[in-house]
Every structure is written in C-alpha cells, then in structure tokens.
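*Asks:* Sharing a model that was predicted from the sequence below.
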Amino acid sequence: MSEIDKIIVKYLNQEANRSELEKLEDFLKTNEGLRIFNSLVKTQYISTLSMTEYDVNKAKESIRHRLKKDKRIAKIYLYKRIAVAASVLLVLGMAFYLGYYSDNKSRPEVVQRPQTILAGTDKAILTLGNGDEVALEKGKKFQIGEVSSNGEELVYTEKKHNNDVEKEQSFNYLTIPRGGQFFIKLSDGTEIWLNSETKLKYPVTFAEGLTRKVELIYGEAYFKVSPSTEHKGAGFHVLTKSQEIDVLGTEFNIRAYNNDEIMATTLVGGKIRIKKGEVSETLAPNQQAIINHEGNEIDIQEIDVSQEISWVNGLFTFNEKPLEEIMTVLARWYDTEVVFESAKQKKFLFTGILERTEAIEDILNLIEATSEGHLQIEINNKTIIIK
C-alpha cells in the first residue's frame, strides 16, 4: 500500500494524527486524489437497492473543521464503531459512512460465530526432481544441496550449469494448497510470491546464457524477475496454459486459476510481452492483460495495480466486487466451501480493504451486517452458507 492509502485507512479507522490529516487534506485537493479516495470508501449494493453516495465534500469539510478546532487532535471520529475486531481496515459494504446512520438509528446487530475456520498460513509442498515430496510450513526447517527453507520461504542458491548439461536440467514443483501462501527465490535471484491454490514448475538451476523458463501451472503468482543484464542477456519466460510471457526484467502479477474464465496479467514495473496463439501485446506499467481461455484476443486495460497485488502485502482489496468473486477469494485463503442458496445473492457488490489475518467470522459478520437483512450467513463445519 502507498503512504496515502495507509493514511486513508487510518482515517477510516479513526487513527489518523494531525500530520496525516494535513496530508490527506492536501491530497483531496486534486482530482486524482478524489478519485482514489472515493474508490476506497464508495459502496454500491445491488442495483435495486438505493443508497446515498458518499459525500466527499462533507468529508473534506470535516477534516478542515477538526484541524481548526483542536490543534492537539490525534484522532478523528467520522465513523460509528462496529462490534468487530479493530484490525479490520475498511468495512466491506461501507454502510457505516458519514451521515448514513443518524443518531436515532440503531446499527445492525452483529452475530458472534464460533471460530471454526482459520486464516491461511505459510505452507507448501515441494516436489523434488526424484519425485520425493517435502511439506514446508512455518517453524519447520529444510535443506538439501542448494535448496533451503526456514518454513516461510524457499531459497535456491546459484549453481552454474554449462550448455552441455542443459538437457539434464532438473525441475522442482512448489504447490501451495488452499489456505496457504509461500515465497520462493530461484537460483537466478528471481523472487516469486505464490498465493493459495497455486502450482509452479521451475528448474533447480538455469543453463547459463539460455532463456530462463518457469511454468505457472495454475493459481496466482507475483514475480520480481532478476534482469537479463545480470545473466549474460538471458531472457525470462513465464508459461501458462493459455499464454507465454516474455519478461524484460520487471515486476508483474499473474492470476490464472483453473476455474476462472479469464486470466489476468498485471504489470507493476518494467515491460513484458504477452503471446496468445498468433496474437501478442506489450504491456506498460499499470496495465492489465485479460485473456479468455477460449479465445485468442488480448484485452488491455488501465488499472490501479495496488489493488491487484495487495495480497502480496497481506491484504484483501475489493472495489465494487460481486459477492461471488469475493467469496471465491476468501474460500481459497480460508480453505472452505461456499454455498449460495439464491443466485441473486452472488451479485451483491461490496468495497473494502481487509487484513488476510482477520478471522473469517469477522468478515462474514461485516458482510451480513451491512446488507441490511438481505443476507443471512451460517457456518456449518467448513462450509459457509449464504441465505
């Protein structure tokens, strides 16, 4: 998250100090600042549910008023408290925005649920070249040859190969289960963050001078690629089932889950070239390429990349996302199943930023409380039922 994003979150959580308020006030004087601010606090329910728009002018006036009124102010109180964990960064659904609830209205009652579903942790299955499998998890150390793990990351040290042994190159697989995440540093120095339900294939060492290739078999991964200038000009390619990415020393995110209809590649910095069939496109920073597995078209969009890669920083970020998509993300991280009793419930839109360490019960409480009776949520063992 950028500094201003953090300030906005602290503002919404009643934790912003005077210096941060002054920065936020200056930020809201620009059109781009207003757009970013609105994107973090704006909420929209289903199209049939009418709600008042967030009044950013009132928010700005309130900031100025509080700054003038008390120079010693350390916190601001524009939002009503909600009976859930304080670590929630921004309420999903944001029904609790300025002016929505008057003093004579009671806020929705939050139902406390027993904690039966745990948040994800660092864990993975390493498959070695001989087929042996090693369970990697927090607190468990592992080392063999040039490979080592402290339970939170997997690191390969560089071992030079010449072209004569390229055909004998050994490959490892790293599989991240539902409810897991892991970090890996390849032998060339490339860093990769792997999200839940992801599988990566890669060589133990790279043949010197030849194109470095890895394969994202499925799932989501964030790459920080070691530049070719440090490897005698050797390029870096990422293969998936539907595309090939030619990397020119850069940072990017690929989301390519098996059950998703589309694959999204987001460029944070540098330059990448995407090829699907006979079609190829080059991405610039802050662009996302969308590919449908069935077609050969590559759709390029300008996006806010900070939202797309927030999972790397331990956050969920949802900007007017349908509940079905939100629950798919949560189900992977909390290793649970979701049942919708009515198809129309899948279309409810929510906005919010949440910590990935948050208990699923607290998140479900927020969703239910801000739906104003349109949703009822139950947990049965490890199945979430939305009524």
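*Replies:* Perfect, thanks for sending it.
*Asks:* Identify the residue nearest the geometric centre of the protein.
*Replies:* When the chain is reduced to its mean C-alpha position, the closest residue under Cα atoms, centre = their mean turns out to be W311, at 2.8 Å.
*Asks:* Do I have it right that that residue meets E220?
*Replies:* Yes: at 7.5 Å, W311 counts as touching E220 under the criterion of Cβ atoms under 8 Å. Glycine gets a C-beta too; all of them are placed from N, C-alpha and C.
*Asks:* Quick check: neighbours shared by these two?
*Replies:* N195 (Cβ atoms under 8 Å, 6 or more residues apart in numbering).
*Asks:* Can you give me the end-to-end span of stretch 377-387?
*Replies:* By Cα to Cα, to the nearest Å, the extent of stretch 377-387 from end to end equals 6 Å.
*Asks:* Check stretch 330-338 too.
*Replies:* Start-to-end span of stretch 330-338 (Cα to Cα) is 9 Å.
*Asks:* low-confidence ranges in the stretch 151-300 of the chain?
*Replies:* Low-confidence segments of the stretch 151-300 of the chain (pLDDT under 70): 159-168.
*Asks:* any chance you could map the helices in it?
*Replies:* Assigned helices in the stretch 151-300 of the chain: none (criterion: DSSP state H, counting those that start in this stretch).
*Asks:* can you count the residues close to the residue lying closest to the residue nearest to the centre of the chain once chain neighbours are set aside?
*Replies:* Of all residues not flanking W311 in the chain, N195 sits nearest, at 5.8 Å (Cβ to Cβ, 6 or more residues apart in numbering). Applying other Cβ atoms under 10 Å, we find 22 residues neighbouring N195.
*Asks:* I'd say N195 and S310 touch.
*Replies:* No: in this structure, N195 is not within contact of S310 by Cβ under 8 Å, at 11.2 Å.
*Asks:* tell me which element E325 falls in.
*Replies:* E325 is part of helix 323-334, with elements assigned from DSSP states H and E.
*Asks:* looking only at pLDDT, what's the mean for whichever helix or strand comes after that helix?
*Replies:* Once the chain leaves helix 323-334, the next helix or strand it forms, by DSSP H and E, is strand 337-340. Averaging the model's pLDDT scores along strand 337-340 yields 96.
*Asks:* Now do the buried residues in strand 337-340.
*Replies:* V338, F340 (16 or more other Cβ atoms under 10 Å).
*Asks:* which helices and strands sit right next to the next helix or strand after it?
*Replies:* Past strand 337-340, further along toward the C-terminus, the next helix or strand under DSSP H and E is strand 349-355. The contact analysis (3 or more Cβ pairs under 8 Å, 6 or more residues apart in numbering; DSSP states H and E) places strand 349-355 against helix 31-41, strand 315-322, helix 323-334, helix 360-370.
*Asks:* right, and these - which one's nearest E302?
*Replies:* Taking Cβ to Cβ as the criterion, helix 31-41 is the member of the helices and strands packed on strand 349-355 that comes nearest to E302, at 12.5 Å.
*Asks:* From the contact counts, what lies against the top strand by length along the chain?
*Replies:* For the chain, the strand reaching the highest residue count under DSSP state E is reported as strand 212-224. Based on contacts counted as 3+ Cβ pairs under 8 Å, 6+ apart, the elements that strand 212-224 packs against are strand 191-194, strand 198-203, strand 236-239, strand 251-256.
*Asks:* Compare these and report which one is nearest to I363.
*Replies:* For the helices and strands packed on strand 212-224, proximity to I363 was assessed by Cβ to Cβ; strand 251-256 is nearest, at 20.6 Å.
*Asks:* partner strands of the closest one, parallel or antiparallel?
*Replies:* Partner strands for strand 251-256, per DSSP bridges, with pairing direction: strand 212-224 (antiparallel), strand 262-269 (antiparallel).
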